[in-house]
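Q: sequence plus predicted model, see below.
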Amino acid sequence: MTLPSTEVINTTVTEPTKAKSGGCGRKSDTSHVVEMDEKTKERIAKHPCYSEDAHHHYARLHVAVAPACNIQCNYCNRKYDCANESRPGVVSELLTPEEAAHKALVIAGKIPQMTVVGIAGPGDPLANPEKTFRTFELIAEQAPDIKLCLSTNGLMLPEYVDRIKQLNIDHVTITINMVDPEIGVKIYPWVHYNRKRYRGIEGVKILHEKQMEGLQALKEADILCKVNSVMIPGINDEHLVEVNKVIRSKGAFLHNIMPLISAPEHGTHFGLTGQRGPTPKELKAVQDDCSGNMKMMRHCRQCRADAVGLLGEDRSQEFTKDKILEITPEYDLAKRQEVHEGIEKFQQEIKAAKEKAKVETRLIASVQNSPKILVAVATKGSGLVNQHFGHAKEFQIYEVDGNEARFVSHRKIDHFCQGGYGEEATLEKIIEAIADCKAVLVSKIGECPKTKLQEVGIQTVESYDVIEKVALEFYQQWNKQ
Ligand SMILES: C[S@@+](CC[C@H](N)C(=O)[O-])C[C@H]1O[C@@H](n2cnc3c(N)ncnc32)[C@H](O)[C@@H]1O
Ligand code: SF4
Ligand code: SF4
């Protein structure tokens, strides 16, 4: 695999107003440079959620085998399904452990860059322990190179850490939204534990205790733990720094602060009571405040419980139960390894291109106090600017200065290409979504959107190359203006 050569970089120069400071964060994030030993690097190298770099190249599969839950969160309703919507807890059809293992083998053959099978619902994997562990056993027996992963509210974690270790499940996520039960009562109306339902603070105290025990036990068992926290403005937004401190002290590997999704039609308590989610700016500010020397996950796509593919792409409808059960799996370990070697080689090439671009930018731009700017990137994956503006369903947002270009978030948007119908409205929404960006980096863009973007001060860069390289080259030009 060789690096695609750069097409002509066509930068439309408008009259941008240069920001004196980035204004996009209260303190600079150093979480991406957290030191890691070689063994840990290897453990996460092919996990698209645990490694930001891996998420450009490797895919995940969620198998929906766990319908029941043992607590209620005010933001969750597993009854509402929409095939077009990618949202946690959403699933089109449930699978038995045997069907799930079959699906994993089929996908491992068809998408060899799929390296992780996770169970993340639609309920809680550990409220469905037999189905969950049977699924993992079957997959481990037949596809030994696939990483196993689960996501839990933590209530039953202390009981199952030994079994998790035995099955070689190396990645566990716990959702921890609070470390203060007084805050927890605003999020959890009840907890079902040991055949009894506990309402209010009594239940929340049990949940908190079990989450802390579970986190400690994972650390002792040397299982990598990611913590998810749902950011709920006015409820736990200011408290998340405290959550971060506690989980960090207990050895969590990665913190994923994700925005609350709440719409009245989802039928959740928060959706129906008008509780809003955070804006991208509010989310980034809290993520930055929590960064320091802890790794923060910023590339989570809040996937469906039956998601398939690269993060940000959802191919679940290509692999529905009726289609999957008709396919004979073609799991081929040697072929998968060959594909992974190709990806690794490609990653090395990308790394070299990034380093070269960084050095060149530092030579040209004045690194000291160089202002930070945001750029929006259209990408289909592989770490490249390689998508047409009109085909983008989301933009990846990079923060760029004279030193480096760094992924900070993604923004979902409606498709611009709608066959002429509704394009005006959609373009307005896209502009609104990336209004704080100085440029949009795309493989191609039509004249009309290019002009509109130009009018609001967003430049367009047409290229087909490594994202960081294109972003840094744009920065050099922008900094000269
Ligand atoms: C559907 S849950 C399944 C796993 C497990 N039951 C749990 O809660 O961790 C997966 C993740 O989605 C999150 N989630 C569910 N509904 C959400 C919503 N409306 N907004 C944001 N995150 C949500 C959960 O907090 C959890 O981190
Ligand atoms: S623990 Fe997970 S599945 Fe259960 S209600 Fe909360 S988000 Fe939904
Ligand atoms: S929800 Fe987030 S952590 Fe889970 S698979 Fe999707 S991207 Fe990864």
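A: Nice, I can see it. Ligands and ions are numbered 1, 2, ... in the order given.
Q: contacting residues for Asn256?
A: Cys49, Thr173, Lys226, Val227, Asn228, Ser229, Met296, Met297, Cys300 (CB atoms under 8 Å, 6 or more residues apart in numbering). C-beta coordinates here come from the backbone N, C-alpha and C atoms, glycine included.
Q: now, which of these lie within strands?
A: Thr173, Lys226, Val227, Asn228, Ser229, Met296 (DSSP state E).
Q: ok, now which ones touch whichever residue of the stretch 51-200 of the chain sits closest to ligand 3?
A: Going by CB to the nearest ligand atom, ligand 3 is nearest to Arg60 of the stretch 51-200 of the chain, at 5.1 Å. With contact taken as CB under 8 Å, 6+ apart, Arg60 is in contact with Pro48, Cys49, Met114, Thr115, Val116, Val117, Gly118, Cys149, Cys303, Ala307, Gly309, Leu311.
Q: part of a strand, is it?
A: Yes. Under DSSP: H, G, I helix; E, B strand; the rest coil, Arg60 sits within a strand.
Q: name the nearest residue to it, sequence neighbours excluded.
A: Using CB to CB, 6 or more residues apart in numbering and skipping residues adjacent in sequence, the residue nearest Arg60 is Val116, 4.5 Å away.
Q: what pairs with the one you found across the strands?
A: Arg60, Lys147 (DSSP bridges).
Q: distance check, it against Gly312.
A: Noted for Val116: a distance of 15 Å to Gly312, by CB to CB, to the nearest Å.
Q: near the residue in the stretch 201-350 of the chain positioned nearest to ligand 2, how many other residues are there?
A: Nearest residue of the stretch 201-350 of the chain to ligand 2, counting by CB to the nearest ligand atom: Val230, 8.2 Å away. A count of neighbours around Val230, defined by other CB atoms under 10 Å, yields 27.
Q: same question, Glu98
A: 12.
Q: ok, it touching Glu137?
A: No. If you go by CB atoms under 8 Å, Glu98 and Glu137 don't touch, sitting 11.0 Å apart.
Q: and the end-to-end length of stretch 379-394?
A: 9 Å (CA to CA, to the nearest Å).
Q: close to ligand 3, is that stretch?
A: No. Using CB under 6 Å from any ligand atom, stretch 379-394 stays clear of ligand 3, coming no nearer than 12.4 Å.
Q: show residues contacting that stretch.
A: By CB under 8 Å, 6+ apart, stretch 379-394 touches 4, 53, 56-57, 310, 312-313, 346-347, 350, 377-378, 396, 410-417, 440-446, 449, 460-461, 463-467, 470.
Q: tell me the buried residues within these.
A: Buried by 16 or more other CB atoms under 10 Å: 53, 56-57, 310, 312, 346-347, 350, 377-378, 396, 410-411, 413, 416, 440-445, 449, 460-461, 463-467, 470, out of these.
Q: among those, name the ones in strands.
A: Val377, Gln396, His410, Arg411, Val440, Leu441, Val442, Thr460, Val461, Asp465, Val466.
Q: show me what contacts the residue nearest the centre of the chain?
A: The chain has Cys300 as the residue nearest its centroid, 1.4 Å off, counting by CA atoms, centre = their mean. By CB under 8 Å, 6+ apart, the contact set of Cys300 is Cys49, Asn228, Asn256, Met258, Leu311.
Q: and for Asn228?
A: Ser151, Thr173, Ile174, Thr175, Ile176, Asn256, Met258, Cys300.
Q: what distance do you get for the closest residue to the fourth one other than its chain neighbours to Ser151?
A: The spatial neighbour of Thr175 that comes closest, neighbours along the chain excluded (CB to CB, 6+ apart), is Asn228 at 4.5 Å. Taking CB to CB as the measure, Asn228 and Ser151 are separated by 7 Å.
Q: repeat that for Ala59.
A: To Ser151, Ala59 is 17 Å away according to CB to CB.
Q: can you check Glu93 too?
A: Noted for Glu93: a distance of 19 Å to Ser151, by CB to CB.
Q: same check, this time on Tyr464
A: 36 Å.
Q: repeat that for Pro278.
A: Distance, Pro278 to Ser151, using CB to CB: 21 Å.
Q: ok, now Ile247?
A: On the measure of CB to CB, Ile247 and Ser151 end up 15 Å apart.
Q: residue numbers of the stretch 101-250 of the chain in contact with ligand 3?
A: So far as CB under 6 Å from any ligand atom goes, the stretch 101-250 of the chain lies against ligand 3 at Gly118, Ala120.
Q: so where do the strands sit in the stretch 101-250 of the chain?
A: 114-119, 147-152, 171-175, 190-193, 196-199, 224-231 (DSSP state E, counting those that start in this stretch).
Q: could you pull up the contacting residues of the closest residue to Leu333 other than its chain neighbours?
A: Computed as CB to CB, 6+ apart, the closest residue to Leu333 that is not its neighbour in sequence is Asp145, at 6.1 Å. Applying CB under 8 Å, 6+ apart to Asp145 gives the contacts Thr115, Leu333, Arg336, Gln337.
Q: same check, this time on Ile146
A: Ala104, Ala108, Met114, Thr115, Val116, Val117, Ile139, Ala140.
Q: so which pair among the residues you listed is furthest apart in space?
A: For those, the farthest-apart pair by CB to CB is Met114 and Ala140; their separation is 15.3 Å.
Q: who has more neighbours out of the two?
A: Counted by other CB under 10 Å, Met114 and Ala140 do not tie: Met114 has more neighbours, with 23 against 16.
Q: return the helix or strand in the protein with minimum mean pLDDT.
A: Lowest by mean pLDDT, DSSP states H and E among the helices and strands of the chain is strand 10-11, with a mean of 35.
Q: next SSE after that one?
A: Proceeding N to C from strand 10-11, the next assigned helix or strand is helix 38-44, under DSSP states H and E.
Q: let me know the average pLDDT across that following helix.
A: For helix 38-44, the mean per-residue pLDDT is 91.
Q: report the buried residues of it.
A: For helix 38-44, by 16+ other CB under 10 Å, it's Arg43, Ile44.
Q: list of residues touching that helix?
A: Taking CB under 8 Å, 6+ apart as the rule, helix 38-44 contacts Tyr50, Ser51, Ala54, Asp170, Leu224, Phe253.
Q: do that again at 6 Å, thanks
A: Contacts to helix 38-44, defined as CB atoms under 6 Å, 6 or more residues apart in numbering, come from residues Tyr50, Ser51.
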